[in-house]
Structures are given as C-alpha cells and as structure tokens.
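Engineer: Build the 3D model from these lines:
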Amino acid sequence: MGIITRPPPVKLFCRLLFTPQGLLEEAKARLLEAYGPVDVQSKPTALSAPTDDTDEMGPDVERCFVAFFDLVDPEGLASVKVVAAQVEDQLAVGGQRTVIIDPGYVTRDQLMVAVAKEAAHRTYLGRGVHAELTYRWQDGGFEPLEWTQADYREPDQRDFFSALRSRYLEQLADRPA
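Structural biologist: Numbers count the residues shown, from 1 in each chain. Next up, the predicted model:
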C-alpha cells in the first residue's frame with residue numbers, strides 16, 4: 001500500500017464574468033476579504049462565447065481572472081465555490097446575477113475549476129460542487145481537454161495560466177521546508 005500524503009497547497013484563482021454595469025469591483029472586494037490580496041490579475045476582455053450561465057446577463061459580458069497571493073489547501077475548493085455563489089446572490093439585481101464567479105486552482109500539472117453542474121467528466125467534491133479538470137500541463141504548456149470551455153481555449157488565457165503556474169512554482173520554491 002502506498003503512503004498517503006497531503007498534496008502541496010495550490011494557487012487559487014477566480015474567473016469573473018460581468019457586464020459593463022456589473023459590480024466587478026464590489027465582487028473583487030468581497031473575494032479579497034475572504035481570500036486575501038490579489039497576486040495576479042488579467043485585464044478585462046470580452047467573453048468570446050456565451051455560456052449557459054451568461055444568458056441572463058445579456059450580450060456584453062466581459063471576463064477577467066484574479067489569482068490570490070496566498071496558496072491554499074486544494075480540499076477547500078468546494079467551500080470557495082459556495083462563497084462565490086453567496087457573493088453572486090448578494091450582488092444580484094432583480095434576481096439576476098450581475099457577476100458570475102468561477103473559482104479554480106493551478107498546480108504543477110493541472111488547472112481545476114469548481115462548477116455546480118454535474119457531468120460525466122466532473123468529480124463531486126461535496127456541498128453541491130464538482131471539480132473539472134480544465135487543463136493539463138503537457139510539453140511545456142497547458143493543454144485544454146475535449147470539454148474545456150471556449151474562453152479557456154484562447155491563447156491569451158492559456159498564456160495567462162502558464163504564467164500563473166510559473167508564479168505558483170516560485171511561491172512553492174520559496175516556502176520553508
């Protein structure tokens with residue numbers, strides 16, 4: 001039998017989908033309260049393809065990625081998704097979300113995203129949350145999988161997450177033994 005060990009901490013990030021009139025800064029402020037300072041952030045860009053979740057938000061949906069400075073235990077991903085859903089509900093207007101928050105994490109070998117919907121390629125974590133392997137590290141870069149969402153397939157996003165992985169590896173190397 002193999003020896004059971006704890007995995008290293010991971011680099012937490014959130015994808016934020018929002019409309020120009022959305023409450024992006026308020027959502028980020030609430031996430032900062034929960035998870036600490038931002039380490040890396042992408043610039044907001046137009047969402048390349050609508051998702052089931054963005055139908056309620058209208059046509060002009062933008063997105064950005066925010067990664068937090070502190071490394072976290074990967075077991076906490078379901079709890080982060082629950083907090084994200086609470087923030088979405090708090091910032092909703094007339095029962096419609098103004099921001100959608102999808103948390104995930106980066107490791108040396110993969111990028112995982114927390115989702116609320118069940119599918120064959122997702123693993124149940126608890127609390128109504130599933131984990132989806134979105135990228136795997138292969139041949140010097142993150143490679144999407146057949147189910148990876150369209151906006152994660154874009155070269156700019158893959159470059160962002162490759163740079164985030166490098167930052168994560170620096171942080172791991174700097175941790176005391």
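
Engineer: Can you give me the buried ones in the longest helix anywhere in the chain?
Structural biologist: Longest helix in the chain by number of residues (criterion: DSSP state H): helix 155-174. Residues 157-158, 160-162, 164-165, 168 are the ones in helix 155-174 that count as buried (16 or more other C-beta atoms under 10 Å). For the C-beta atoms, the positions are set from N, CA and C on the backbone; glycine is no exception.

Engineer: And stretch 97-116, by the same measure?
Structural biologist: Within stretch 97-116, the residues scored as buried using 16+ other C-beta under 10 Å are 97-107, 110-115.

Engineer: With just CA atoms, put that stretch into CSV.
Structural biologist: The C-alpha trace of stretch 97-116 is given here as CSV (Å, rounded to 0.1, in the frame of the first residue of the first chain):
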residue,chain,number,x,y,z
ARG,A,97,-26.7,37.9,-11.4
THR,A,98,-24.5,40.9,-12.3
VAL,A,99,-21.3,38.9,-11.8
ILE,A,100,-20.6,35.2,-12.1
ILE,A,101,-17.6,33.8,-10.1
ASP,A,102,-16.0,30.5,-11.0
PRO,A,103,-13.1,29.6,-8.7
GLY,A,104,-10.4,27.2,-9.5
TYR,A,105,-6.8,26.4,-8.8
VAL,A,106,-3.5,25.8,-10.6
THR,A,107,-1.0,23.1,-9.7
ARG,A,108,2.3,22.0,-11.2
ASP,A,109,0.3,19.6,-13.5
GLN,A,110,-3.2,20.9,-13.9
LEU,A,111,-5.9,23.5,-13.7
MET,A,112,-9.1,22.6,-11.9
VAL,A,113,-12.3,24.6,-11.9
ALA,A,114,-15.2,24.3,-9.5
VAL,A,115,-18.6,24.0,-11.1
ALA,A,116,-22.2,23.4,-9.8
